[in-house]
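Participant: this one's structure only:
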């Protein structure tokens, strides 16, 4: 049985970095159509800084018994995103990671901690960016993911809860393609961004789905957007 | 093609900051690594640190107002780009007083988000933080625009007055409250006869038809919603004054502080001629212009234009405005002279 301590969160963030690196061309293409084209590069920069910072963790990041607490990799990655990434979406991911870390009060992560962290992250992102669901931003994926975590029974294993969050997030991603952006760079494009899912929301979907596995293409996830990623019949979300 | 006097476009901002810190080293210290400038002198009675910031290209805003009696720190971004939340966070930590730090933010999405992220981080570190959001631009006052009015030149007046209030020992809540009252009572409007030169291209950001003036430009080279025929300076200033008076509706007895601000490529000779027209136009509307500040304070690179701002004051606010200030761009040690002629 998996133990959801720092080794788990470290692996989760490593897979997230891998998913971002593998899908960066697709993220960039999305943002070229529905934003200002730098989202994929920014997110890739963020996960790269986070990987470097996590690799530099030492014995002082561990508990006296040698275990890595669940919060530590999340906190190190959060600081890297907040301090080192330009633009706005990178630091917003930093806020989400920061609140996930804050809520991980025990060495081993629990589903209620995760739900509390996601809700706090969502609240912080909304305080800062003032977006609500329906504005075609990353909130459209983060809000359903947070809700999915909240709806999990307290004893749900963390990996299963994260899978439910990923599925909810990607449902949110697909809903954004029909929206007209009201916040963020895409809001200046008006109808032209219609039909394109929001790249920030896709990033949130990648974050949660990477708890289970590394994604190598957005194709199956965006198959019904009519953007040329169609892989008919391909299975949807992570796992 | 206009040519920029810069070593390179990439280093223009950092070169300027280095030079600024070199020249004004008695007043400010530059923290290049963390991306902010902070004041060397600070009133002993100040309990709250005052921080502003925003894109470069608006000089002397924001760095020019760091010093005694005004800002404790300023964070410059790249040209017309918001500073990073890390700069704002580090600067806030450095200058926070025992009662925390006040952020003076101009209403632009990038600035709001970056100051907001910094505020979240400060809260996590137990540092109290409040925000004054300046949104004085009349031209962007529309119910159809969800993002609200832009923040422009009246920021200078707000920062000066809040600086004096911080010096007298106001609390964070008092400063935030005073800031909100000031913001509610100030409006600006800007016109331009020619756009700024974009540093990256060396070309004008946009071209105007001959004989036309852009009425209601922003401070990032945003074009106005409408163009008006050039006409006489008196007619132009009267249109601006009328719009401001209609928006603010000052009581006849209320003292009003005026600001005639150059956008970068208008001469002082012209600005004082504008001030002459402006004061006469305002007095024609029954406005009591108690103080008037004239100069280049909130620019938009080399935009050939100017803005007119009004702040409806009272005796307390006038007293705060008159309080001594010593910054690279704004300094006086006694009340400004206009009341002598009232």
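Facilitator: Thanks, I have it. None of the values given here were measured: they were computed from a predicted structure. Residues are numbered from 1 along each chain as shown, chains lettered A, B, ... in the order given.

Participant: which SS class is the residue in the stretch 201-342 of chain B positioned nearest to chain A?
Facilitator: The nearest approach of the stretch 201-342 of chain B to chain A comes at residue B:222, 11.8 Å away (Cβ to the nearest Cβ). From N, CA and C alone the C-beta is placed, and that goes for glycine too. Put simply, residue B:222 is coil when judged by DSSP: H, G, I helix; E, B strand; the rest coil.

Participant: list the residues that contact residue B:261.
Facilitator: B:153, B:156, B:188, B:190, B:295-299, B:306-309 (Cβ atoms under 8 Å, 6 or more residues apart in numbering or on different chains).

Participant: so residue B:245 touches residue B:287, yeah?
Facilitator: Yes - contact criterion Cβ atoms under 8 Å: residue B:245 and residue B:287 qualify, at 6.2 Å.

Participant: give me the common contacts of those two.
Facilitator: By Cβ under 8 Å, 6+ apart, the residues touching both residue B:245 and residue B:287 are residue B:310.

Participant: so these two - more neighbours on which side?
Facilitator: Between residue B:245 and residue B:287, counting by other Cβ atoms under 10 Å in any protein chain shown, residue B:287 is the more crowded of the two (23 against 19).

Participant: and the pLDDT at that one?
Facilitator: At residue B:287, the predicted lDDT confidence score is 97.

Participant: how about it, phi and psi?
Facilitator: Residue B:287 has phi and psi values of phi -90, psi 130 when expressed as degrees, to the nearest 10.

Participant: contacts only, for it.
Facilitator: Residue B:287 touches B:245, B:250, B:256, B:310, counting by Cβ under 8 Å, 6+ apart.

Participant: how about 6 Å then?
Facilitator: Residues in contact with residue B:287, defined by Cβ atoms under 6 Å, 6 or more residues apart in numbering or on different chains, are B:250, B:256.

Participant: any idea how far it is from residue B:23?
Facilitator: Taking Cβ to Cβ, to the nearest Å as the criterion, residue B:287 is separated from residue B:23 by 38 Å.

Participant: go on, residue A:169?
Facilitator: From residue A:169 to residue B:23 the distance is 52 Å (Cβ to Cβ).

Participant: the two: which is more packed in?
Facilitator: Just comparing residue A:169 and residue B:23: by other Cβ under 10 Å the higher neighbour count belongs to residue A:169, 30 against 11.

Participant: angles on the backbone of the more buried one, please.
Facilitator: Main-chain torsions, residue A:169, degrees, to the nearest 10: phi -60, psi -40.

Participant: ok, it touching residue A:145?
Facilitator: Yes - using Cβ atoms under 6 Å, residue A:169 is in contact with residue A:145, at 4.2 Å.

Participant: joint contacts of those two?
Facilitator: With Cβ under 6 Å, 6+ apart as the test, residue A:169 and residue A:145 both reach residue A:208.

Participant: about what we covered before: now secondary structure too, for the contacts of residue B:261, in a markdown table please.
Facilitator: Below are those laid out as a markdown table (three-state DSSP):
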| residue | secondary structure |
| --- | --- |
| B:153 | coil |
| B:156 | helix |
| B:188 | strand |
| B:190 | strand |
| B:295 | strand |
| B:296 | coil |
| B:297 | coil |
| B:298 | coil |
| B:299 | coil |
| B:306 | strand |
| B:307 | strand |
| B:308 | strand |
| B:309 | strand |
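
Participant: reformat those residues as TSV; add pLDDT and neighbour count.
Facilitator: Below are the contacts of residue B:261 laid out as TSV (pLDDT from 0 to 100; neighbours: other Cβ atoms under 10 Å in any protein chain shown):
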residue	pLDDT	neighbour count
B:153	98	30
B:156	98	27
B:188	98	29
B:190	97	29
B:295	98	16
B:296	98	21
B:297	98	25
B:298	98	29
B:299	98	24
B:306	98	28
B:307	98	31
B:308	98	27
B:309	98	28
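
Participant: let me know the closest of those to residue B:14.
Facilitator: For the contacts of residue B:261, the residue nearest residue B:14 by Cβ to Cβ is residue B:299; the value is 18.9 Å.

Participant: can you pull out the low-pLDDT segments for the chain?
Facilitator: I'll assume chain A. A:1, A:182-194, A:223-239 (pLDDT under 70).

Participant: should've been chain B
Facilitator: In chain B (pLDDT under 70), the answer is B:1-2, B:145, B:334-342.

Participant: all helices of chain A, in order?
Facilitator: Assigned by DSSP state H, chain A shows helices spanning A:6-34, A:39-55, A:71-84, A:89-103, A:111-129, A:139-151, A:158-176, A:199-209.

Participant: of these, which stretch is the most buried?
Facilitator: helix A:199-209 (a mean of 30; mean count of other Cβ atoms under 10 Å in any protein chain shown).

Participant: what packs against that helix?
Facilitator: Other helices and strands packing on helix A:199-209, by 3 or more Cβ pairs under 6 Å, 6 or more residues apart in numbering or on different chains; DSSP states H and E, are helix A:6-34, helix A:139-151, helix A:158-176.

Participant: mind doing that once more with 7 Å?
Facilitator: helix A:6-34, helix A:39-55, helix A:139-151, helix A:158-176 (3 or more Cβ pairs under 7 Å, 6 or more residues apart in numbering or on different chains; DSSP states H and E).

Participant: chain B against chain A: which residues are in contact?
Facilitator: B:84, B:85, B:86, B:110, B:113, B:116, B:117, B:120, B:121, B:146 (Cβ under 7 Å from any Cβ of the partner chain).

Participant: neighbour-wise, which of those residues leads?
Facilitator: Within the residues of chain B next to chain A, most neighbours by other Cβ under 10 Å means residue B:85, with 29 neighbours.

Participant: shouldn't that residue be in contact with residue A:91?
Facilitator: Yes - the criterion here is Cβ atoms under 7 Å, and residue B:85 meets it with residue A:91 at 5.1 Å.
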